[in-house]
Each structure stands twice: as C-alpha cells, then as structure tokens.
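**Q** here you go, sequence then predicted model.
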Amino acid sequence: MSMCQCGSGQSFDCCCGPLIAGERSAPTAEALMRARYTAFIRGDLGYLDRTLAPEKRAEFDRDEVGESAQEAVAVGLEVRVATGGGEADTEGTLEYIARFKMRGQPHLHHELATFRRRDGEWVYVDGTVSPKTAPRTVTKVGRNEPCTCGSGKKFKVCCGG
C-alpha cells in the first residue's frame, strides 16, 4: 500500500486514487487540488485536463506539462488558506505551495487558485502564481534590552551574543 503523494497521510487507494480513476468526485476544492497535485506527479495528464474549467482547456499545453511531470518528484503539498470550496459551496480559492524536486533541485509552485463547481464537479479555473502574502514584521531588539527568549538576561549576552 503506497502513501498518497498529496501528503494527506492516507494510502493512495483511499485518498486521491479513486478521484483520479473517476470512481468518485472530489467533495471539496482542496480534495481536487490534492488529486491534481498527485495526478501531476504520476503523469496523469487526462485527469489534469478533465478537471480544468472548459474555458481553460485550450491553454493546457499537454506536452509541456507532461515533460515537467516526468521530471517531478513529490516533496509535498501545503494548503495555506482555503476560502469557500467546501461540500456545500459553488466556488472557492486555495492558497497552496506545491513542492517538487526536478533534476535533483528543489522547486516550489506557490499559487492562489480559483475553483468552481460545474455540473456538480469541482474544476480548477485559474490561478495567480506567487501571490502576495502579508509581509513579515520583524521587531528589532536592542543589545541592552531583555532577551526575547524570556531568560531575563540582556539580549547581547543571551541570544544576541
């Protein structure tokens, strides 16, 4: 029993396998995204094509995607934020990071993806690659201020030294 490449911790046969095989539909936009990631890793271009919104299918470059899929080794899929996309919804967005190794080099694809239900089935509509996320805020600690770790020592003799 092989583990599913989507990172769910379930076996492929209990997770994305039945979706990719067409035995059942993705219940949520996230389930569809996980199955699309797994299909890409497995080189199942038919599933990727079938789960695209009809207006996007003409843009699907099967040869280019197939070539990338042959080189990709799954590292993991992280869904950061899901808005809508539930079992009772008709549309949703997911911010996700798909990680791969290609030719031995780490690669990531960070996207804000849009999904919708079409005839009861979730489809991938569109995405913005590398969406802007809230900037990190850094608080500068002076050398003579108390250390941020809570030791009670000055920063310069504790973590800042």
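**A** Ah, there it is.

**Q** C-alpha only now, for contacts and for neighbours.
**A** Will do.

**Q** okay, now Gln10: neighbour count?
**A** 15 (other CA atoms under 10 Å).

**Q** repeat that for Ala88.
**A** So Ala88, with other CA under 10 Å, has 9 neighbours.

**Q** assign it to helix, strand or coil.
**A** Here Ala88 is recorded as coil under DSSP: H, G, I helix; E, B strand; the rest coil.

**Q** from Pro27, how far out is it?
**A** 9 Å (CA to CA, to the nearest Å).

**Q** can you check Lys56 too?
**A** For Lys56 relative to Pro27 (CA to CA), the value is 21 Å.

**Q** just Ala39 next, same as before
**A** For Ala39 relative to Pro27 (CA to CA), the value is 17 Å.

**Q** more crowded one of these two?
**A** Neighbour count, other CA under 10 Å: between Ala39 and Pro27, Ala39 has more, with 23 against 16.

**Q** how far does the strand or helix carrying that one sit from its chain's centre?
**A** Using DSSP states H and E, Ala39 sits within helix 29-42. Distance of helix 29-42 from its chain centroid, counting by CA atoms, centre = their mean, to the nearest Å, is 9 Å.

**Q** find the residue at the geometric middle of the chain.
**A** The chain has Tyr96 as the residue nearest its centroid, 3.5 Å off, counting by CA atoms, centre = their mean.
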